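Novice: below are the sequence and a predicted model for it; my questions follow.
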Amino acid sequence: MKSEILYPGAFPMVRVYLNEGETVKAESGAMVAASPTIDIESKMEGGFLGALSRKMLSGEKFFFQTLRAGRGAGEVLLAPTVPGEIVLLDLDGVNEYMVQKDGFLAGAEGVKIESKMQSLTRGLLGGEGFFILKIGGTGQLILNSFGAIHKIELKPNEEYIVDNSHLVAWTSTTTYNIEKASSGWIASLTSGEGLVCRFRGPGVVYIQSRNPGSFGNWIRQFIPVSE
Amino acid sequence: MNPTPNALCFGNGLPGAGAPCHVTLSADGLTMAAVGGSPLLEEAIAFTAMSVEAGGLDHDQLVVSWGVGASARTLYLKDPALIIAFRRAAPSALMAHLERAAEQVRRARHSHRALWGSAVGLVVGLGLMLWLGSDLIVEWAVARIPVQWEQKLGETVYQDFLSKEAVLKEGPAVSAVQEMTQRMTAKIPNNPYTFQVSVVQSPVVNAFALPGGYVVVFTGLMKKAESGEEVAGVLSHELNHVLQRHGMERLVKMMGLAAVVSILVGDQQGLIGLARQLGLELATLKFGREQETEADVTGIRLLSDARIAPDGMIRFFERLSEKDKERVELFSSHPMSAARAERLKAELAALPKQTPEPFTFEWKGVQDSLGASEPTK
């Protein structure tokens, strides 16, 4: 499987080349177009219960779609729902990424996806909910963001503070704590930041340049209230 | 030979996400070899030169570090088999570190479990408290809403509603309703509201009250009523919804905690914005059974105080319940039960006897001014 990002920027697409017999799993609904040699299967990753728990708990789609080059090599075009960048990561079996639930776009066959329960404070306050995706295994992983995607590299014990709704993914060697944005509660709330995540290296944190929740609030004022 | 990676190495000149490498253990240390095209140099590190701790997001990785400055390296081991092998091979000098690492993991897990336990307890406790005390909280919050806010909220909806409807500006029906309202409001002690009552042309057999004292009576109701006292009964019921601030109670209940907070911080715009955000139509707020009963009881008392024959109210309600099939909207959510009628009769019996004073208008004339009654479906 080889991938290439088309139209980098706000409205990108990924072109995935598959050799005969290869598959790629993608977020359901992500396929835009494909060669006639590609078969689309719907598969519940991790069995029915696994899929159900992922759907119920992390809000991810119930089904992933599996695109299989069953009758010869071909290509697939994939795109996320929201405007924003796409990033390609190579998993080699040792590195692992924690991904917030809307961040997953597609992954090679060897990529393993599981829902992971976060610790209580992180779940309650982190803004990604109690469940996030833990993605490991081998092969290419394709993530998408809302807005541009920005990579922060942290050296061992280096720290960085991120507004939690801007998180996309981070390596599992990176730890983080939730804390108030300012020293006082009032200042934290009135600064518009509220709670932030303090990440501690080593590892990589991917953040998105737009906050989906804030965007939703902003756009809601323009939606007429129906009778 | 290209072994599979089993660890990630961090340090100067290495990728931010860590350089994959292959770690092998020997009697006196570990050897780290690069995997693939990684810029990592093969390195052998003695157990004596390294320090060990638990790390990673879940404290389930073994972190080995050595060196200082530019040559400092940190190695993350995740594979459980490798971690066990490491613990076996490591000398006792390092064991203390390792045990501390293991203890950290255990403690982290333990505190997680304790935290989850207490959180579940807290949620259950809070839920129980809210379930038992929600009415008290709502009443407490509503008591803190200034009447001016309530009026502003009601007026916005009232004007918006009236602009879409055919409002009767004058005529016998309007003066009749005004007379009823005046007689009743004069008997309300310490009335903070200025009641505004409009008659709207509509076949709907209904009347409703908005927070702040804005009341709408539909002509359908007036055509259906057999006397002015019956309309006055419904009006009294609606006025008491306002006086008891039932609308605000429903509103605060529906908007929940956010509303209580905006009341506390004195945020009137926030409250209105919240109501709009939720797309709440004040006019369609349904009152609860308890609120209906309260409005009934206080309503009949007000009628009696104003010397308006209170049996009109009971009669009208009874007639509505008899004609259930006609789908009368006023009480469709709370069908008139025999118990409710009995309750009103009992309440009436307990009130001091008043000699009713008739209205100055003649009801037949008022109804005639509204035109022919539409045939009911």
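Specialist: Alright, I've got the coordinates.
Novice: check contacts around the residue nearest the centre of chain A.
Specialist: Chain A has residue A:103 as the residue nearest its centroid, 1.6 Å off, counting by C-alpha atoms, centre = their mean. Shown in contact with residue A:103 (C-beta atoms under 8 Å, 6 or more residues apart in numbering or on different chains): A:133, A:143-145, A:168-169, A:206. Where you see a C-beta, it was placed from the backbone N, CA and C, and this is true even at glycine.
Novice: need phi/psi at it.
Specialist: With angles defined as degrees, to the nearest 10, residue A:103 sits at phi -80, psi -20.
Novice: residue A:216 now?
Specialist: Dihedral pair for residue A:216: phi -60, psi -40, per degrees, to the nearest 10.
Novice: burial of it, as a residue count?
Specialist: Look at residue A:216: counted by other C-beta atoms under 10 Å in any protein chain shown, it has 9 neighbours.
Novice: residue numbers of chain B in contact with chain A?
Specialist: With C-beta under 8 Å from any C-beta of the partner chain as the criterion, chain B comes near chain A at residues B:4-8, B:10-11, B:15-18, B:20, B:35-36, B:55-58, B:61, B:65, B:72, B:74, B:76, B:78, B:112, B:115-116, B:119, B:276-277, B:279.
Novice: now that we have those, which of them are buried?
Specialist: Buried members of the residues of chain B next to chain A, scored by 16 or more other C-beta atoms under 10 Å in any protein chain shown, are B:5-8, B:10-11, B:15-18, B:20, B:35, B:55-58, B:61, B:65, B:74, B:76, B:78, B:112.
Novice: which of those residues fall within helices?
Specialist: When DSSP state H defines the helices, the subset of these inside them is residue B:112.
Novice: for chain B, which segments count as strands?
Specialist: Taking DSSP state E as the test, the strands found in chain B are B:7-11, B:19-26, B:29-34, B:43-46, B:51-55, B:61-66, B:73-77, B:167-168, B:196-200, B:207-210, B:214-218.
Novice: just the helices in chain B please.
Specialist: B:80-89, B:92-142, B:147-162, B:172-185, B:219-224, B:228-243, B:246-255, B:257-264, B:268-277, B:289-305, B:311-322, B:338-350, B:363-369.
Novice: show the average pLDDT along the second one.
Specialist: Averaged across helix B:92-142, the pLDDT comes to 79.
Novice: helices or strands up against that helix?
Specialist: In terms of contacts (3 or more C-beta pairs under 8 Å, 6 or more residues apart in numbering or on different chains; DSSP states H and E), helix B:92-142 is packed against helix A:120-125, strand B:51-55, helix B:80-89, helix B:246-255, helix B:257-264.
Novice: how near is residue B:295 to residue A:20?
Specialist: 75 Å (C-beta to C-beta, to the nearest Å).
Novice: those two: who's more crowded?
Specialist: Counted by other C-beta under 10 Å, residue B:295 and residue A:20 do not tie: residue B:295 has more neighbours, with 23 against 12.
Novice: if the closest residue in space to residue A:145 that isn't next to it in sequence is in a bridge, with which residues?
Specialist: Closest residue to residue A:145 apart from its sequence neighbours, by C-beta to C-beta, 6 or more residues apart in numbering or on different chains: residue A:208 at 3.7 Å. Per DSSP bridges, the residues bridged to residue A:208 are residue A:149.
Novice: which residues touch residue A:208?
Specialist: If a contact means C-beta under 8 Å, 6+ apart, then residue A:208 has A:84-85, A:145-150, A:166-168 as its contacts.
Novice: got a list of what residue B:43 touches?
Specialist: Residue B:43 sits next to B:31-32, B:73 when contact means C-beta under 8 Å, 6+ apart.
Novice: now residue A:136
Specialist: Neighbour list for residue A:136: A:91, A:93, A:95-97, A:111-112 [criterion: C-beta under 8 Å, 6+ apart].
Novice: narrow those residues to those in strands?
Specialist: The strands, defined by DSSP E, take in A:91, A:97, A:111-112 from the contacts of residue A:136.
Novice: Throw these into TSV and include pLDDT and neighbour count, thanks.
Specialist: As requested, the ones in strands among the contacts of residue A:136 are exported to TSV (pLDDT from 0 to 100; neighbours: other C-beta atoms under 10 Å in any protein chain shown):
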residue	pLDDT	neighbour count
A:91	92	21
A:97	93	26
A:111	91	22
A:112	88	16
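Novice: okay, these in JSON lines with distance to chain B next?
Specialist: Below are the ones in strands among the contacts of residue A:136 laid out as JSON lines (distance: C-beta to the nearest C-beta, whole Å):
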{"residue": "A:91", "distance to chain B": "10"}
{"residue": "A:97", "distance to chain B": "9"}
{"residue": "A:111", "distance to chain B": "15"}
{"residue": "A:112", "distance to chain B": "14"}
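Novice: by proximity to chain A, which residue of the stretch 1-150 of chain B wins?
Specialist: residue B:16 (2.8 Å; C-beta to the nearest C-beta).
Novice: thinking again about what came up before, which of the contacts of residue A:208 sits closest to residue B:314?
Specialist: The shortest approach to residue B:314 among those belongs to residue A:146, at 60.9 Å (C-beta to C-beta).
Novice: the closest one: what's it in contact with?
Specialist: Residue A:146 is in contact with A:82-84, A:102, A:208, A:210-212, A:215, counting by C-beta under 8 Å, 6+ apart.
Novice: try it again with 10 Å
Specialist: For residue A:146, the contact set (C-beta atoms under 10 Å, 6 or more residues apart in numbering or on different chains) comprises A:80-85, A:102-103, A:165-166, A:168, A:208-213, A:215.
Novice: now go through the residues you listed and say which are in strands.
Specialist: Among those, the ones falling in strands (DSSP E) are A:168, A:208.
Novice: of the contacts of residue A:146, buried ones?
Specialist: Listed as buried from the contacts of residue A:146 are A:80, A:84-85, A:102-103, A:165-166, A:168, A:208, A:211-212; burial here means 16+ other C-beta under 10 Å.
Novice: can you show me the helices along chain A?
Specialist: Here chain A has its helices, by DSSP H, at A:47-53, A:120-125, A:185-190, A:212-220.
Novice: taking chain A, what residue is nearest to chain B?
Specialist: Counting by C-beta to the nearest C-beta, chain A gets nearest chain B through residue A:153, at 2.8 Å.
Novice: how about that residue: what's its closest non-neighbour residue?
Specialist: residue B:16 (2.8 Å).
Novice: my guess is that neighbour contacts residue A:152. True?
Specialist: Yes: using C-beta atoms under 10 Å, residue B:16 is in contact with residue A:152, at 8.1 Å.
Novice: common neighbours of these two, please.
Specialist: Common contacts of residue B:16 and residue A:152, defined by C-beta under 10 Å, 6+ apart, comprise A:201, A:203-205.
Novice: can I get the residues you listed in CSV with distance to residue B:306 and neighbour count?
Specialist: Shown next, in CSV, are the shared contacts of residue B:16 and residue A:152 (distance: C-beta to C-beta, whole Å; neighbours: other C-beta atoms under 10 Å in any protein chain shown):
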residue, distance to residue B:306, neighbour count
A:201, 77, 23
A:203, 76, 30
A:204, 76, 22
A:205, 71, 25
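Novice: out of those residues, which are close to chain B?
Specialist: With respect to chain B, and counting by C-beta under 10 Å from any C-beta of the partner chain, the subset of the shared contacts of residue B:16 and residue A:152 in contact is A:201, A:203-205.
Novice: tell me how far residue B:155 lies from chain A.
Specialist: Distance of residue B:155 to chain A, given as C-beta to the nearest C-beta, to the nearest Å: 18 Å.
Novice: residues near that residue, how many?
Specialist: Number of residues near residue B:155 (other C-beta under 10 Å) recorded here: 16.
Novice: what residues are up against it?
Specialist: Residue B:155 neighbours (C-beta under 10 Å, 6+ apart): B:196, B:210-214.
Novice: low-confidence stretches in the chain?
Specialist: Went with chain A since none was named. Applying pLDDT under 70 to chain A flags the ranges A:42-63, A:117-131, A:183-194, A:225-227.
Novice: oops, chain B please
Specialist: Low-confidence segments of chain B (pLDDT under 70): B:1-2, B:38, B:257-286, B:320-339, B:372-377.
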